[in-house]
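Asker: Here is the input, now give the coordinates:
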Amino acid sequence: MEEYTPQASLKSGLKMNRNQLKYLLIFAMLIDHIASDYVPTTTLLGQLMHVFGRLTGPGMSLLLAEGYQYTKNKKKYAIRLFVFALISWVPFSLRTYHRFLYFGPGMFGMIWTLFLAFITVWMWDKLKIHKAFKVMLVILTCILSLFGDWCIFAVLWALFAYIYRDNAKKKWISYGIVAAVAAIFPMVFAGIAEGRPWLEAYQLGVALVPIVITFFYSREPGSRHPFHKWFFYVFYPLHILVLYLLKHVLF
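Answerer: This is a model prediction of the structure:
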């Protein structure tokens, strides 16, 4: 695939290459986390910031499914995800549960779920076993994803994006079904628990992902400089730790 160039950028208008899209998703994640710490969801600003933040989980899942096809050393990729999922454990525990290491559902962050999503796609692609056994393994990885962020949904988004990689209609239908559950379930839960389902209305932001991918993603890879590969891995635990220190230690 050709390198992305300024000339190509001019021709494609507002299109983003893969690196640029990843940075947009990372920025959306940062805005989402800042909103969680400082902006109440009862405010319009809080809702809008979280709507923007809904781009990250599903967007990263879809990019992972696409990136899988171009990853030469899948073992190294899986190990890298696993290692940084462990590195993120302490910062995620501190910020989310206010303890050095939390054990239980939701103990890891998003990288843990992306690791399982990658394993799921890899298994589905390479294992020469009956599809029923593959489905059982998918259920297992979904269960394991309960220990991460965007559990179950990110695994399924990545898997369906890979399975239907050559059929855009089925890809987005399957995305929409999973997204509907991901958005509606928290709203129902909030309605039952607090009587205020609208507090989770921002979850509907997952509907923006197909729009961003379809109309603004050029599918060009962008620069292959190692910085782009490692930035997300380092930024994820680092920004979580910084946000924790800013809110609970320094101020």
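
Asker: How about the secondary structure of the residue most central in space within the chain?
Answerer: Nearest to the geometric centre of the chain sits Gly57, at 2.4 Å (Cα atoms, centre = their mean). Judged by DSSP: H, G, I helix; E, B strand; the rest coil, the three-state class of Gly57 is helix.

Asker: Tell me who's in contact with it.
Answerer: Contacts for Gly57 (Cβ atoms under 8 Å, 6 or more residues apart in numbering) come out as Met110, Asp149, Trp150, Phe153, Ala154, Val206. C-beta coordinates here come from the backbone N, C-alpha and C atoms, glycine included.

Asker: quick one: average pLDDT of stretch 80-100?
Answerer: For stretch 80-100, the mean per-residue pLDDT is 95.

Asker: Restricted to helices, list the contacts of Gly57.
Answerer: Among the contacts of Gly57, the residues falling in helices (DSSP state H) are Met110, Phe153, Ala154.

Asker: What's the local residue count around the last one?
Answerer: Think Ala154. 29 (other Cβ atoms under 10 Å).

Asker: follow-up on the earlier one: kindly reformat the ones in helices among the contacts of Gly57 as a markdown table containing pLDDT.
Answerer: Formatted as a markdown table, those follow (pLDDT from 0 to 100):
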| residue | pLDDT |
| --- | --- |
| Met110 | 96 |
| Phe153 | 97 |
| Ala154 | 97 |
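
Asker: Among the residues you listed, which one sits closest to Trp122?
Answerer: Ala154 (14.9 Å; Cβ to Cβ).

Asker: Make sure the closest one is actually in contact with Met110.
Answerer: Yes: Ala154 lies in contact with Met110 (Cβ atoms under 8 Å); the separation is 7.5 Å.

Asker: overlap in contacts of these two?
Answerer: In contact with both Ala154 and Met110: Gly57, Met60, Gly148, using Cβ under 8 Å, 6+ apart.

Asker: what pLDDT does the residue nearest to the centre of the chain get?
Answerer: 96.

Asker: can you pull out the helices in this structure?
Answerer: According to DSSP H, the helices that the chain contains are 6-12, 18-38, 44-53, 56-68, 74-87, 89-97, 110-126, 131-144, 153-163, 168-194, 208-216, 226-245.

Asker: So for Phe103, which of these sits nearest?
Answerer: That would be helix 89-97 among the helices of the chain, by Cβ to Cβ, at 8.8 Å.
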